[in-house]
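Undergrad: whatever this is, show me its structure:
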Amino acid sequence: MIAVECHLAVEWGVAGMPICDYRAEEIVAAVFAAGVRRQGLARQVTVDAQVSAEMKPLPYQRLFLP
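TA: Residues are numbered from 1 along each chain as shown. Reported below is the predicted structural model:
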């Protein structure tokens, strides 16, 4: 099975901090986004298919595996 990667755009809501763009496997992106939203850790998290190889991988992806 081939893992599909997604783009995550994370707006942390900290003054002066830019929106962070990451790439991650689809399931990891969904679990990360749900957790961040549930805990109120970011102003906004967007997951979409606009991924590119130049994006950094989401740090500590294994923590978000179901």
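
Undergrad: what stretches of the chain score poorly on pLDDT?
TA: Applying pLDDT under 70 to the chain flags residues 1-2.

Undergrad: can you tell me the centre-most residue of it?
TA: Taking Cα atoms, centre = their mean, the centroid of the chain lies closest to residue 8, which sits 3.6 Å from it.

Undergrad: and residue 31, what helix or strand is that in?
TA: Here residue 31 sits within helix 26-39, counting by DSSP states H and E.

Undergrad: buried residues in that helix?
TA: 28-33, 36 (16 or more other Cβ atoms under 10 Å). Where you see a C-beta, it was placed from the backbone N, CA and C, and this is true even at glycine.

Undergrad: which strands or helices does that helix pack on?
TA: The contact analysis (3 or more Cβ pairs under 8 Å, 6 or more residues apart in numbering; DSSP states H and E) places helix 26-39 against strand 5-11, strand 44-48.

Undergrad: mean neighbour count, these: which tops it?
TA: Mean neighbour count (mean count of other Cβ atoms under 10 Å) peaks for strand 5-11 among the helices and strands packed on helix 26-39, with a mean of 19.

Undergrad: check which helices and strands that one sits against.
TA: On a contact count with 3+ Cβ pairs under 8 Å, 6+ apart, strand 5-11 meets strand 20-25, helix 26-39, strand 44-48.

Undergrad: so what's residue 22 up against?
TA: 7-8, 10, 55-59 (Cβ atoms under 8 Å, 6 or more residues apart in numbering).
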